[in-house]
Every structure is written in structure tokens, then in C-alpha cells.
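Enquirer: only the shape, not the letters, is given here:
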């Protein structure tokens with residue numbers, strides 16, 4: 001099961017990376033269209049923002065899986081293994097609780113947007129739920145990965161963090 005969760009997180013991380021790549025293409029296209037051809041687009045900025053929202057939330061689980069979150073290790077740097085495991089468990093529990101809250105409220109906001117037909121105020125009028133859904137989806141992925149990391153930590157099979165540069 002942990003391998004399935006890790007694979008899902010890796011897949012979402014790769015998708016996020018490709019979305020960031022596409023955003024770069026959109027921005028380059030917009031710059032050329034605006035400043036070379038004097039013909040700006042109506043879609044580039046909004047779609048770039050939309051994809052950035054999705055890419056950011058999709059990447060969170062992969063970042064946790066690869067242990068690349070920002071870490072303040074003042075307490076654990078020179079501590080015993082028991083204290084390190086305790087701090088890591090506590091941090092993962094905080095992530096789990098935060099994810100549960102974010103999924104719950106994020107889902108409520110997206111459902112409300114669907115119910116009332118809320119859309120962006122741009123010329124594209126993109127339905128708001130399309131970007132709002134990134135929150136419950138991304139935090140659900142992060143929640144599952146955090147639970148997997150918690151299981152590893154409690155069982156003593158934690159993967160080592162990658163070396164810091």
C-alpha cells in the first residue's frame with residue numbers, strides 16, 4: 001500500500017512539473033504576442049494562474065515523499081533517535097490535521113461554487129470550482145502521503161532524508 005501511495009505522489013509531482021513547464025510556454029507566448037506582435041491574448045494569464053494553482057497543490061505530496069519540505073532541525077540535529085522520531089511524528093500529525101481541515105473546507109467551497117455557478121471575472125469566465133478543486137485534491141494527496149510517512153516513522157522504516165546542499 002505504501003508503494004501505491006508513493007507512486008501516486010510521484011505521479012502527481014511529475015504532473016505538477018509538466019504543468020509548470022506549460023506555464024512557462026504560455027508566458028513566453030504571451031510576451032512574444034504582446035511585445036513583438038502587439039497582440040496580447042485574453043487567455044494566457046488566467047490559464048497560467050489556473051495551472052499554477054493546480055501544479056502547486058499537486059506537488060505537495062511529492063515534496064513530502066521526497067523529504068524536501070523546509071525543515072528546522074535545531075532541536076533534532078543533535079538529539080537522540082527517540083526525540084527525532086517524536087518530533088517527526090508530531091510534525092506529521094500536524095500535517096494530517098491541517099490536511100483534514102483543508103480538504104473539508106476546500107471541498108465545501110468547491111461544492112458551493114458548483115451550486116451557485118460562480119466563475120472568474122475575466123473574459124474567459126472559468127468556473128471557480130475548477131481552480132478551487134485543487135485544494136481538496138492536493139491536500140487529500142498530501143494527507144495520504146503524510147499518513148504513509150507517519151506509518152513509516154512509527155514502524156521505524158523511515159527513509160533517510162536526501163542530502164542537503
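Expert: Yep, that arrived. Predicted, not measured: the structure shown is a model, and the values here were computed from it. Numbers count the residues shown, from 1 in each chain.
Enquirer: only C-alpha atoms for contact and neighbour calcs from this point on.
Expert: OK.
Enquirer: which outside residues touch stretch 3-17?
Expert: Applying CA atoms under 8 Å, 6 or more residues apart in numbering, the contact partners of stretch 3-17 are 54-56, 58-63, 65, 141, 144-145, 148.
Enquirer: give me the pLDDT value at the residue positioned nearest the centre of the chain.
Expert: Centroid-nearest residue in the chain: residue 57, 2.3 Å away (criterion: CA atoms, centre = their mean). pLDDT, residue 57: 96.
Enquirer: quick check: which element contains it?
Expert: helix 44-65 (DSSP states H and E).
Enquirer: what packs against that helix?
Expert: Here helix 44-65 touches helix 2-35, helix 128-132, helix 134-155, going by 3 or more CA pairs under 8 Å, 6 or more residues apart in numbering; DSSP states H and E.
Enquirer: which of those helices is buried the deepest?
Expert: Most buried of the helices and strands packed on helix 44-65, by mean neighbour count (mean count of other CA atoms under 10 Å): helix 134-155, with a mean of 21.
Enquirer: packing partners for it?
Expert: helix 2-35, helix 44-65, helix 81-116.
Enquirer: which one of these lies nearest to residue 122?
Expert: Residue 122 lies closest to helix 44-65 among the helices and strands packed on helix 134-155, at 7.9 Å (CA to CA).
Enquirer: check which residues of that closest one are buried.
Expert: By neighbour count on 16 or more other CA atoms under 10 Å, the buried set for helix 44-65 is 44, 46-48, 50-65.
Enquirer: what do you get for stretch 65-85?
Expert: Buried residues in stretch 65-85 (16+ other CA under 10 Å): 65, 67, 76, 84-85.
Enquirer: mind checking how far residue 78 is from residue 84?
Expert: As defined by CA to CA, to the nearest Å, residue 78 lies at a distance of 9 Å from residue 84.
Enquirer: ok, residue 118 to residue 126 distance?
Expert: The value you get for residue 118 to residue 126, if CA to CA is used, is 9 Å.
Enquirer: ugh, wrong one, residue 140
Expert: 23 Å.
Enquirer: picking that back up, residues making contact with the helix holding residue 57?
Expert: Here helix 44-65 has contacts from 6, 9-10, 12-17, 19-20, 23, 26-27, 30, 69, 122, 131, 134-135, 137-139, 141-143, 145-146, 149, using CA under 8 Å, 6+ apart.
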